[in-house]
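S.K.: Please work out how this folds:
(2 chains)
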Amino acid sequence: MSTGDAWRPRLASRARLKFDPIAKQEMLLFPEAALALNETGAAIVRLCDGARSIDEIVEQLSRKFRSADRDALMREVVDFIATIRARGLLQ
Amino acid sequence: MIAASRPYTLVAELTYRCPLRCVYCSNPVNFHRSRSELSTGEWRRVFSEAAELGVMQLHFSGGEPVLRDDLVELIQDARAHDLYTNLITGGTLLDEDKLRRLREAGLDHIQLSIQGAARESAETIAAVRSHRKKLEVARLIGKIGFPLTLNVVIHRLNIAEVPELIGIALELGANRLELANTQFYAWAAENRRALMPTREQYDRAEGIAREAIVKYRGTLEIAFVQNDYLSGEPKPCMGGWGRSYICINPTGEVMPCHAASVIPGLRFDSVRDGALEKIWRDSPAMNAFRGDDWMMEPCRTCARKEIDFGGCRCQAFMLAGNAAEADPICRLSPHNGIVESMRKNSGTDAPLIYRDAKTSRKLSKAIGSL
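M.R.: Modelled structure (predicted):
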């Protein structure tokens, strides 16, 4: 998957974030299933708004989580985005 | 008794009424016996209780849910509980004005069925002039900005149209295309001989679908739902019976899946008689195959019992005569041989039985006299 500047991922219109009050975690809901997200996953999904490149998403997250290891964060973001993209949840 | 987890998904079958007569309909063959549908107020109580119980997703299904005059109100109500709402429809009763009202009510997603790529084959399945109207509605859905899943039930009579179906989904700008091979329950079981594809047809369609899945990744998500008679893979029954899924039929009976009424002796409790939480936790039908205490060999000691849950309980009953047996689709089932002989016992000479109230009455009598 390219991590270049060109692609600005946007959450597919059929998917929606919803907080699960029972498990106390964010869920990414779409018609055929749902994914439970950890804090980073939910933060990434919120940044997939079609306006930010992956570099910019990592930049935002490293500020939010005050993460020193930018490479590790980049790997996490790229893996997560690849996972939800493969399920057709990003455009 | 196994402690109940919490349900994530509720399928609300608002009505069994439908303008179409599809030969693969998943409504019970004796649907004509269901008369008094839940009222608006009863459904609203159900949605409130479902949200409290942990349900996240609500599928409005049928029959044709658009036949309910209160659909907009029910969607508004579900959204007020922050449920993700999906409408599963044949589309023939929708127009631009109705779609806009559904949008304003907060509906998240529409799943529209078409019966084939060509008008003739599609209308052979639905027995009603509907194909052009459905394509028109699909375009309106896109125009209004709804995300669209196009669902096509695949069988012997349309399986050769898979390439054209992919073309239609691309042209309509659908987000997702479900090539859902027929599951042989209810009306589809009555029509099994006519609907079962040949091995060659199936393998060819699957190959085309698999290629398209990769080719259109990122543009159109394509799902190929297997025909288990041909794939040989037992279906993981509802992700576990009574584990995450509730279906409520038009009269309010609470079921672990929409097909479960085929299993004799299951007692379904109705939301008319009690709270959903109590029914989910305590009802005999919900507990009948929860966990794995009910399992027989070879399932009981199988390494895959938490993966496929012994396959489908309804199919175990239909093919092996006992809902607690392994699904005969599994090659470890002592009844596995019946699957191949039933698969082969198919052909274009078999007549099509159309779903309607008159045929429902006739078939119910036949079942009753067994």
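S.K.: just the strands in the stretch 201-350 of chain B please.
M.R.: B:221-225, B:245-248, B:254-255 (DSSP state E, counting those that start in this stretch).
S.K.: would you turn these into CSV with mean pLDDT?
M.R.: Formatted as CSV, the strands of the stretch 201-350 of chain B follow (pLDDT from 0 to 100):
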stretch, mean pLDDT
strand B:221-225, 96
strand B:245-248, 97
strand B:254-255, 98
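S.K.: neighbours of B:Ser360, just the number please.
M.R.: 21 (other Cβ atoms under 10 Å in any protein chain shown). In this view, the C-beta of every residue, glycine as well, is placed from N, C-alpha and C.
S.K.: again with B:Ile263
M.R.: With other Cβ under 10 Å as criterion, B:Ile263 counts 19.
S.K.: if I look at it, how far off is B:Trp241?
M.R.: 11 Å (Cβ to Cβ, to the nearest Å).
S.K.: Overlap of the contact sets of the two?
M.R.: Counting by Cβ atoms under 8 Å, 6 or more residues apart in numbering or on different chains, the contacts common to B:Ile263 and B:Trp241 are B:288, B:313.
S.K.: What's opposite B:Val254 in the beta bridge?
M.R.: B:Ile248 (DSSP bridges).
S.K.: quick one, helices of chain A?
M.R.: A:39-47, A:54-64, A:70-86 (DSSP state H).
S.K.: Looking at those, which is nearest to chain B?
M.R.: Minimum separation from chain B across the helices of chain A (Cβ to the nearest Cβ) falls at helix A:70-86, 6.8 Å.
S.K.: Just give me the neighbour total for the residue of the stretch 151-300 of chain B found nearest chain A.
M.R.: Relative to chain A, the nearest point of the stretch 151-300 of chain B is B:Glu221 (3.0 Å; Cβ to the nearest Cβ). Using other Cβ under 10 Å, B:Glu221 has 23 other residues around it.
S.K.: give me the low-pLDDT residue ranges for chain A?
M.R.: Across chain A, the ranges flagged by pLDDT under 70 are A:1-5.
S.K.: Save the helices of chain A as JSON lines, and put in distance to B:Ile75 and mean neighbour count too.
M.R.: Formatted as JSON lines, the helices of chain A follow (distance: least, Cβ to Cβ, whole Å; neighbours: other Cβ atoms under 10 Å in any protein chain shown):
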{"stretch": "helix A:39-47", "distance to B:Ile75": "24", "mean neighbour count": "18"}
{"stretch": "helix A:54-64", "distance to B:Ile75": "33", "mean neighbour count": "17"}
{"stretch": "helix A:70-86", "distance to B:Ile75": "26", "mean neighbour count": "15"}
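S.K.: could you dump those helices to a markdown table with distance to B:Gln201?
M.R.: Formatted as a markdown table, the helices of chain A follow (distance: least, Cβ to Cβ, whole Å):
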| stretch | distance to B:Gln201 |
| --- | --- |
| helix A:39-47 | 40 |
| helix A:54-64 | 42 |
| helix A:70-86 | 28 |
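S.K.: for chain A, what are the nearby residues on chain B?
M.R.: Residues of chain B lying near chain A by Cβ under 8 Å from any Cβ of the partner chain: B:6, B:8, B:54, B:56-57, B:59, B:82, B:84, B:86, B:108-109, B:111, B:145, B:147, B:149, B:175-176, B:217-218, B:220-221, B:223.
S.K.: and the gap between the residue of the stretch 151-300 of chain B closest to chain A and B:Ile159?
M.R.: For B:Glu221, the distance to B:Ile159 - Cβ to Cβ - is 20 Å.
S.K.: what do you get for B:Thr348?
M.R.: From B:Thr348 to B:Ile159 the distance is 12 Å (Cβ to Cβ).
S.K.: Who has more neighbours out of these two?
M.R.: Neighbour count, other Cβ under 10 Å: between B:Thr348 and B:Ile159, B:Ile159 has more, with 23 against 8.
S.K.: wait, what's in contact with that one?
M.R.: With the criterion set at Cβ under 8 Å, 6+ apart, B:Ile159 makes contact with B:197, B:201-202, B:205.
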